[in-house]
Each structure stands twice: as C-alpha cells, then as structure tokens.
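Q: pasted the sequence and its predicted model underneath.
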Amino acid sequence: MQVHPVHIPPDIRKVYQARQADNQARLDRYRQDFLVQDPDLRALERSYREAGASFLLASLQAGAELKPARAALRDLKTKLDQAYQAKEAQFLVPEDLYTCPLCQDTGIYQGRLCACALDIRNQLEKQKGISFPPPPEASLDHFDLELFSPHLDPQIYQGQASPRQVAENLYQRSLEILANFPQADRNFYFFGKPGTGKTYLAAALANGLRAQGYSVAFIRSMAFVDLTAQVRVLDRSFSADRTEKQIARERLQFLREAQVLVLDDLGSEAGNDASYNDLIALLDSRVQNSDQMTLLTGNLSPVDFSRRYDERLGSRLLGAFLAFPLEGPDLRIELARRAQGGA
C-alpha cells in the first residue's frame with residue numbers, strides 16, 4: 001500500500017503552529033534562566049557571539065579566507081546547542097514545555113496524526129458554537145458483518161454477491177479511506193432500501209475521520225433544506241434579528257466548508273426549485289475542492305434522481321460520486337431478533 005504523508009487539517013495546523021511559537025518563546029525563557037545561573041554556559045555563549053562577530057568582519061574584507069571562521073562558528077554553535085539540550089534534559093520534561101507531550105505539538109505521533117488533533121477539533125467547534133456531529137454510536141470498530149446475510153439471492157445483486165460480501169468490500173474500502181484521506185476517493189453515494197446500513201456506514205466513516213481531527217458535519221437532507229430556507233427568509237426580512245441571521249449563515253457556511261460532509265437520506269426532503277438549486281450549489285462547491293469529502297445516502301438509485309429531481313442534480317450525482325448499492329433484508333429486523341434472544 002502506498003504510504004502518504006500525514007495530512008494535518010489547515011485549521012488545526014494553525015493551532016499547532018501557534019503552540020510551537022509559544023513553546024519556542026517558553027524555551028527561550030528557560031534558556032535565559034540557564035544562562036544566568038551557569039557560568040560555563042555564559043562563557044560558551046560569549047565565545048559563540050564573539051566568533052559570530054569575527055566571521056561578520058571577515059566576510060566584509062575582500063579576499064578574506066572564510067572557511068576557518070565559518071568552521072569555528074559552526075563548531076561553537078553545535079557545542080552551545082548540546083549544552084542547552086543537556087540542561088533541558090536535566091531540568092525539563094515534555095509536560096513542562098508542550099501542550100501534548102506525545103507529538104510535542106507537531107501533530108504527528110508514531111507516523112500518524114496525533115490523537116490530540118481531536119481535542120483541538122472539539123475546542124474549535126466549541127469556540128464557534130457550531131457542531132453537526134455524526135451519531136456517536138456509529139463506528140467502524142463496531143461494524144458487525146454478521147448482521148448481513150451471507151446467502152446469494154437472485155433478487156439481490158442479481159445473485160452475483162451476497163449482502164455480506166458487499167458490506168465487507170465497503171468496510172475494507174472505508175478503512176483504506178481512513179488510512180489515505182484526503183488522497184483517497186472522496187465522494188460517495190450509498191443507496192438502497194431502508195435498513196440496509198447506509199446511514200450507519202456513512203456515519204461510521206465520518207466518525208473515523210473526525211477522530212483524526214477533520215471537521216465533520218452530519219445532517220439530514222430535510223434539515224439542510226430547512227436551514228437554507230431559513231437563511232433566505234432571514235436575508236429578505238427587514239426585521240430579522242442580527243444574531244439569528246448570523247448564526248444561520250455560519251451554520252450553512254460550516255456545512256459548505258467542513259472537510260467531511262454527510263448528507264443523509266437524500267430524496268426525503270420536500271423539494272422546490274430553490275432547494276434543488278441549494279443542493280446543486282453545495283455539491284458543486286464541494287466536489288471541486290480536493291480536500292473535501294461528501295458522503296450521500298438515500299433510497300433512490302442514481303437513475304431515479306433525474307425523475308425525483310431534475311437532470312442537473314442527477315448528472316452531478318452520476319458524474320462526481322461513486323455510487324454503491326446496499327441491498328438485502330432490513331438489518332433492524334435482525335437487530336430486533338437478536339435483542340429478543342434469537343439465534
């Protein structure tokens with residue numbers, strides 16, 4: 001499998017950069033304290049500065065031989081760094097210097113995005129007061145393939161695959177996305193009858209990406225249409241409350257800018273020309289951004305979209321999204337049977 005560089009979401013990267021700047025300022029203060037208290041360190045620091053001044057003067061003289069002065073300066077710099085590091089190792093522990101001792105505020109720990117990225121994501125959402133979290137119980141770790149029928153049925157996938165085989169394929173693909181996001185395929189449409197696992201799979205994948213620090217929004221299509229309608233009404237009203245208008249706009253902007261968006265149960269909303277245009281604008285803006293993922297779920301096949309909506313939305317779906325059908329018995333029935341103690 002190809003190994004990609006660790007991708008740190010831009011808004012979280014800014015937090016790490018700010019932490020690193022604070023850490024450097026704190027380290028400089030520690031070093032100043034060491035310098036005041038240690039005469040040997042003061043002497044070494046003075047020698048380094050004098051060597052730096054000598055190198056500067058030599059560089060201003062035509063034809064001067066700079067290699068010896070440069071080598072002496074480099075040697076003193078190495079000794080000075082080593083002396084400071086020895087002091088830091090003796091008196092400092094990572095908890096003194098870093099917000100996260102594991103990644104040391106770089107965001108990367110053991111070759112992966114550090115778990116502290118999720119803490120930062122929670123803080124950013126709390127600051128904005130805007131959150132569209134996926135259902136918390138949805139998790140790829142708890143994705144139970146045993147719920148899906150292992151039997152071939154001519155009425156399901158034309159008898160070519162069982163629901164369990166398809167679910168396992170989608171599960172493995174989801175794991176690959178988690179490992180390679182955002183370089184992996186980004187836009188998916190899970191469709192099928194109610195109870196086939198569409199929403200759970202999309203929410204589980206979204207939760208997995210959120211745990212890696214990405215901004216995630218999960219919203220039912222009906223709620224999205226209601227939100228866009230609210231924004232239009234508030235924008236047209238002369239007496240609308242400014243705070244209410246600002247919050248509604250910020251919520252809509254969050255959906256547009258979230259690195260991962262799940263638009264659940266597409267096709268269930270009450271449609272009109274304005275809501276169709278809102279959906280098209282949302283999908284168009286997101287599929288053009290290579291750092292964003294959009295997951296759609298719905299009961300309609302891609303072909304049925306042209307009947308339920310218009311050709312524009314159907315063409316977006318067929319052209320920009322990988323469509324995966326989920327077929328088979330209603331999983332909720334199987335869950336209910338298990339809850340009642342069925343074998």
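A: Alright, I've got the coordinates.
Q: use CA for all of it now, contacts and neighbours both
A: OK.
Q: can you count the residues close to residue 176?
A: 14 (other CA atoms under 10 Å).
Q: helix or strand: which one has it?
A: helix 163-180 (DSSP states H and E).
Q: next structured bit after that helix?
A: Assignment by DSSP H and E places the next element after helix 163-180 at strand 187-191.
Q: parallel or antiparallel, list what pairs with that following strand.
A: strand 293-298 (parallel), strand 322-325 (parallel) (DSSP bridges).
Q: what about the last one, distance to the chain center?
A: What it means is strand 322-325. Relative to its chain's centre, strand 322-325 lies at 23 Å (CA atoms, centre = their mean, to the nearest Å).
Q: just the buried positions in it, please.
A: 323, 324, 325 (16 or more other CA atoms under 10 Å).
Q: surely residue 41 and residue 83 touch.
A: Yes: under the contact definition of CA atoms under 8 Å, residue 41 touches residue 83, with a separation of 7.2 Å.
Q: so between these two, which is more surrounded?
A: For residue 41 versus residue 83, neighbours defined as other CA under 10 Å are more numerous around residue 41 (19 against 16).
Q: helix/strand/coil for that one?
A: Of the three states, residue 41 takes helix under DSSP: H, G, I helix; E, B strand; the rest coil.
Q: show me where the stretch 151-300 of the chain has its helices.
A: Ranges of helices in the stretch 151-300 of the chain, per DSSP state H, counting those that start in this stretch, are 163-180, 198-211, 221-236, 242-257, 273-287.
Q: could you tell me the angle between the second one and strand 187-191?
A: In this case it means helix 198-211. With axes from the mean of the first three to the mean of the last three CA atoms, to 10 degrees as the basis, helix 198-211 and strand 187-191 are set at 150 degrees to each other.
Q: let's test this: mean pLDDT of helix 198-211, rounded?
A: Averaging pLDDT along helix 198-211 gives 93.
Q: got the contact list for it?
A: 115, 117-118, 134-136, 138-140, 143, 171, 174, 178, 190-192, 216, 218, 260-262, 264-265, 295-298, 326 (CA atoms under 8 Å, 6 or more residues apart in numbering).
Q: redo that, cut-off 7 Å
A: 118, 134-135, 138-140, 174, 178, 190-191, 216, 260, 262, 264, 295, 297, 326 (CA atoms under 7 Å, 6 or more residues apart in numbering).
Q: pLDDT on the helix holding residue 176, on average?
A: On average, helix 163-180 scores 91.
Q: packing partners of that helix?
A: helix 198-211 (3 or more CA pairs under 7 Å, 6 or more residues apart in numbering; DSSP states H and E).
Q: what angle sits between the helix it packs on and helix 163-180?
A: Using the same axes, to 10 degrees: helix 198-211 against helix 163-180 is 20 degrees.
Q: now helix 198-211: how far from the chain's centre is it?
A: 12 Å.
Q: and if you look at stretch 39-48?
A: For stretch 39-48, the distance to the chain centre is 46 Å (CA atoms, centre = their mean).
Q: pick the one among the buried residues of strand 322-325 closest to residue 149.
A: residue 325 (14.9 Å; CA to CA).
Q: just the terminal-to-terminal distance for stretch 85-96.
A: 14 Å (CA to CA, to the nearest Å).
Q: residues of that stretch that come out buried?
A: 87, 88.
Q: can you tell me what sits against that stretch?
A: residue 101.
Q: quick one, which of the contacts of helix 198-211 are buried?
A: 118, 134, 138-140, 174, 178, 190-191, 216, 260, 262, 264, 295, 297, 326.
Q: go ahead and flag the most central residue of the protein.
A: Computing the C-alpha centroid of the chain and ranking residues by CA atoms, centre = their mean puts residue 214 first, at 1.6 Å.
Q: gap between that residue and residue 92?
A: Where residue 92 is concerned, residue 214 sits at a distance of 32 Å (CA to CA).
Q: which parts of the stretch 1-150 of the chain are helices?
A: 10-37, 39-59, 67-91, 94-97, 116-128.
Q: possible to save those as a markdown table with mean pLDDT?
A: As requested, the helices of the stretch 1-150 of the chain are exported to a markdown table (pLDDT from 0 to 100):
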| stretch | mean pLDDT |
| --- | --- |
| helix 10-37 | 89 |
| helix 39-59 | 86 |
| helix 67-91 | 85 |
| helix 94-97 | 74 |
| helix 116-128 | 87 |
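Q: need those in JSON lines (columns: distance to residue 252).
A: Below are the helices of the stretch 1-150 of the chain laid out as JSON lines (distance: least, CA to CA, whole Å):
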{"stretch": "helix 10-37", "distance to residue 252": "18"}
{"stretch": "helix 39-59", "distance to residue 252": "56"}
{"stretch": "helix 67-91", "distance to residue 252": "48"}
{"stretch": "helix 94-97", "distance to residue 252": "38"}
{"stretch": "helix 116-128", "distance to residue 252": "13"}
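Q: now stretch 177-191: buried residues?
A: So stretch 177-191, judged by 16+ other CA under 10 Å, has buried residues 177, 178, 179, 180, 181, 182, 186, 187, 188, 189, 190, 191.
Q: so the last one bridges to which residues?
A: In this structure, residue 191 has the following beta-bridge partners (DSSP bridges): residue 298, residue 325.
Q: surely it touches residue 324?
A: Yes: here residue 191 reaches residue 324: they are 6.4 Å apart, a contact under CA atoms under 7 Å.
Q: and the helices of the stretch 151-300 of the chain, which is most packed in?
A: Comparing the helices of the stretch 151-300 of the chain by mean neighbour count (mean count of other CA atoms under 10 Å), helix 198-211 ranks first with a mean of 24.
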